[in-house]
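[1] Just a sequence and a predicted model for now, questions to come.
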Amino acid sequence: MGGMGFRDLAKFNIAILAKQGWQLLTRPNSLLAKVLKGRYYPSSSFMNASLGSNPSYTWKSIWCSRGLLEKGYGWRVGNGTTINIWSEPWISNNGDGRIQDTPINPRYSMVSDLIDPLSNSWNIDLIRVIFPPSQASQILGIQLPDLPHDDLFVWRKDNSGEYSVRSGYKLLCGDDAYPNEITTPYHADSISVYSAIWSTNIPQKVKINAWRFIKNYLPTTSNLALRRLHPRLGCCFCDLAQESVFHYLSSCPFSKQLFASVGINLPIFPVEQQWIQWLAHLFAQFSSHMMRLFVTTIWVLWTYRNKKIHENASQSVQQLSSFIFHYIQEQESLPSSHPSATRSVSEARWSPPPTDHVKVNFDASYFSISRESVSGVLIRDVNGLVMAARAYSHLNVPNPEVAEALACDQAVLFASSLGFRRVIVEGDSSSIIKKVQSSSLDKSDSFAMIVNIKRRFSDFANITFHHVRRLLNAPAHILAKMGRLFPLPKSWIGEAPSLVDEAVLRDRAWFASSA
């Protein structure tokens with residue numbers, strides 16, 4: 001817990017043993033599973049097995065891991081025929097995944113009782129009658145495949161759906177396993193903050209320093225104290241408070257004066273707001289030049305802090321800000337001659353599809369408070385002209401990854417419905433593209449959409465999926481952002497909204513100039 005990486009060996013041993021228990025659950029036809037089942041639980045499952053009389057050391061060890069597996073296993077709903085509504089963990093974002101604080105209704109026992117068998121969709125009216133509004137919303141947020149599919153047994157503590165020793169150990173240790181890391185739930189704010197850092201046109205060492213700063217990985221005196229070291233805790237610049245990344249951005253007079261001298265006025269950090277949300281709001285207001293200034297100022301501030309402590313250096317705010325401006329000016333002069341910058345510009349061009357294909361770009365916008373998303377889909381021909389576009393809104397979407405999967409599903413469905421048979425699908429979500437390209441069964445929250453997409457492959461003579469950067473996906477991104485202006489699904493044939501058309505024209509100009 002002091003940050004040096006030593007593990008609690010007893011807990012780590014259980015996490016490793018749980019790996020074998022997971023194999024018994026997910027691979028019941030393996031030789032080990034057959035032997036242990038025949039000897040210790042011939043008429044029940046591993047999770048319901050008793051220790052038995054005169055058990056072997058192997059069985060006792062694996063049996064002890066059931067408590068850990070009980071905390072983390074769950075189900076992805078396919079048809080609901082194997083999942084008990086009241087006792088099994090099947091709701092992704094609901095604590096232990098089980099129905100809580102709701103009276104058991106004996107008329108309905110299996111999740112399949114809540115699904116319309118004809119359309120394989122939720123019986124919305126029934127669910128709203130049986131469950132309170134909050135739980136009904138969580139249930140309706142579970143995406144179902146268009147056609148019935150077997151329910152999947154999954155590990156809920158990892159997005160892959162498969163058990164890992166790392167996730168098992170972290171679950172055993174609880175939320176205090178990593179006390180020094182600023183932990184936040186997975187949402188769009190985290191993605192936007194880290195994307196803003198890594199996409200900044202600045203040397204890698206400066207970006208890495210900014211990432212360490214935001215993740216609270218720098219050896220500030222407050223962090224050193226957590227590792228049982230006892231340095232001088234006061235800030236070396238002002239000595240008004242304990243040194244921390246929060247102090248530098250919220251209350252240190254010296255650092256605030258340095259930020260102000262380069263034209264960055266930091267807003268007050270609200271107590272009720274999360275760290276990542278505050279940064280996402282701040283970065284959303286920055287231009288690319290301001291982002292370079294911000295990450296460079298953090299780097300210069302931390303470098304000067306180390307020199308002041310270890311070398312007794314002394315520099316004024318004016319000297320530091322002058323260095324920052326000269327450094328930024330030097331970096332901004334590099335793209336015209338720097339090979340990597342030239343390559344980046346040349347790669348940032350939308351390319352048209354082959355003559356007998358169309359290109360379908362998709363993107364999603366996600367609104368965490370209302371749990372809504374909008375899918376933006378754009379279809380273009382070999383000349384880069386818009387053939388069709390669509391904006392489609394979704395309710396009860398649990399997270400941004402599901403939003404991207406819904407957008408990809410809409411892209412494939414839209415292209416199929418218009419009769420296109422040779423299609424190239426592009427999106428800026430690498431995880432969704434990888435899942436669609438993979439031959440293995442996806443067990444994440446997106447599994448229903450991935451199943452739908454793969455089932456539609458037969459609608460096409462040829463369909464391929466490519467991951468592209470956000471810059472190359474700008475028209476679809478704009479369409480997804482402005483999709484909330486349209487309360488109902490909106491489609492365009494042979495045209496697109498004016499803002500999207502402007503982005504399409506820029507794409508056409510790029511590939512036309514390189515032709």
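    Ah, there it is. Numbers count the residues shown, from 1 in each chain.
[2] Distance of residue 42 relative to residue 49?
    10 Å (Cβ to Cβ, to the nearest Å). C-betas here are computed from N, CA, C, even on glycine.
[3] who's more crowded, these two?
    Comparing residue 42 with residue 49 by other Cβ atoms under 10 Å, the one with more neighbours is residue 49, at 19 against 8.
[4] Might one say that that one is in contact with residue 39?
    No: counting by Cβ atoms under 8 Å, residue 49 stays clear of residue 39, with 10.2 Å between them.
[5] so what sits against both of those two?
    Taking Cβ atoms under 8 Å, 6 or more residues apart in numbering as the criterion, residue 49 and residue 39 do not both touch any residue.
[6] contacting residues for the nearest residue to residue 211 once chain neighbours are set aside?
    Using Cβ to Cβ, 6 or more residues apart in numbering and skipping residues adjacent in sequence, the residue nearest residue 211 is residue 197, 5.7 Å away. Contact analysis of residue 197 by Cβ under 8 Å, 6+ apart lists 207, 210-211, 214, 295.
[7] ok, now residue 426?
    359-362, 465-468, 472-473.
[8] that's a strand at it, yeah?
    Yes: counting by DSSP: H, G, I helix; E, B strand; the rest coil, residue 426 is found in a strand.
[9] Now do it, the pLDDT please.
    The model reports residue 426 with a pLDDT of 95.
[10] What residues are recorded as beta-bridge partners of it?
    residue 361, residue 466 (DSSP bridges).
[11] Strands of the protein, start to end?
    Applying DSSP state E to the chain gives strands spanning 73-76, 115-116, 121-122, 152-155, 358-367, 372-380, 386-394, 422-427, 462-467, 490-493.
[12] and these as TSV, adding distance to residue 20?
    TSV is the format used below for the strands of the chain (distance: least, Cβ to Cβ, whole Å):
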stretch	distance to residue 20
strand 73-76	14
strand 115-116	34
strand 121-122	36
strand 152-155	14
strand 358-367	38
strand 372-380	39
strand 386-394	40
strand 422-427	38
strand 462-467	36
strand 490-493	52
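[13] Nearest to residue 238, out of those?
    strand 358-367 (39.6 Å; Cβ to Cβ).
[14] circling back to that earlier point, indicate which one of the strands of the chain is closest to residue 440.
    strand 152-155 (12.1 Å).
[15] State the distance from the closest residue to residue 432 other than its chain neighbours to residue 358.
    In space, residue 432 comes closest to residue 404 once its chain neighbours are excluded; the distance is 4.8 Å by Cβ to Cβ, 6+ apart. As judged by Cβ to Cβ, residue 404 and residue 358 stand 21 Å apart.
[16] Pull the contacting residues for residue 382.
    352-355, 357.
[17] should've said residue 251
    If you count contacts by Cβ under 8 Å, 6+ apart, then residue 251 has 240-241 around it.
[18] before we move on, what about the one 10 residues further on?
    Applying Cβ under 8 Å, 6+ apart, one finds that residue 261 lies in contact with 317-318, 320-321.
[19] okay if I get those residues as JSON lines plus pLDDT, neighbour count and distance to residue 169?
    As requested, the contacts of residue 261 are exported to JSON lines (pLDDT from 0 to 100; neighbours: other Cβ atoms under 10 Å; distance: Cβ to Cβ, whole Å):
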{"residue": "317", "pLDDT": "91", "neighbour count": "15", "distance to residue 169": "46"}
{"residue": "318", "pLDDT": "92", "neighbour count": "11", "distance to residue 169": "50"}
{"residue": "320", "pLDDT": "93", "neighbour count": "20", "distance to residue 169": "43"}
{"residue": "321", "pLDDT": "92", "neighbour count": "20", "distance to residue 169": "46"}
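[20] Looking at these, point me to the pair that's furthest apart.
    318 and 320 (7.4 Å).
[21] domain ranges for the chain?
    Residue ranges for each domain of the chain read 9-71+157-171, 78-150, 188-340, 358-514, as given by automatic domain parsing.
[22] what's the closest of the contacts of residue 382 to residue 288?
    Looking across these and measuring by Cβ to Cβ, the closest to residue 288 is residue 352, at 27.2 Å.
[23] which residues touch residue 412?
    360, 423, 425, 453, 456, 463.
[24] do that again at 7 Å, thanks
    Counting by Cβ atoms under 7 Å, 6 or more residues apart in numbering, residue 412 touches 425, 453, 456.
[25] pLDDT score assigned to residue 3?
    In this prediction residue 3 is given a pLDDT of 53.
[26] sorry, that was for residue 179
    On pLDDT, residue 179 comes in at 37.
[27] quick one: least confident helix or strand in the protein?
    helix 339-347 (a mean of 44; mean pLDDT, DSSP states H and E).
[28] Hmm, the residue nearest to residue 432 is touching residue 429, no?
    Yes: the pair residue 404 and residue 429 qualifies as a contact (Cβ atoms under 7 Å) at a distance of 3.9 Å.
[29] I'd like to know how many residues surround the spatially closest residue to residue 270 that is not a sequence neighbour.
    Using Cβ to Cβ, 6+ apart and skipping the chain neighbours, the partner closest in space to residue 270 is residue 278 (7.2 Å). If you count neighbours by other Cβ under 10 Å, residue 278 ends up with 19.
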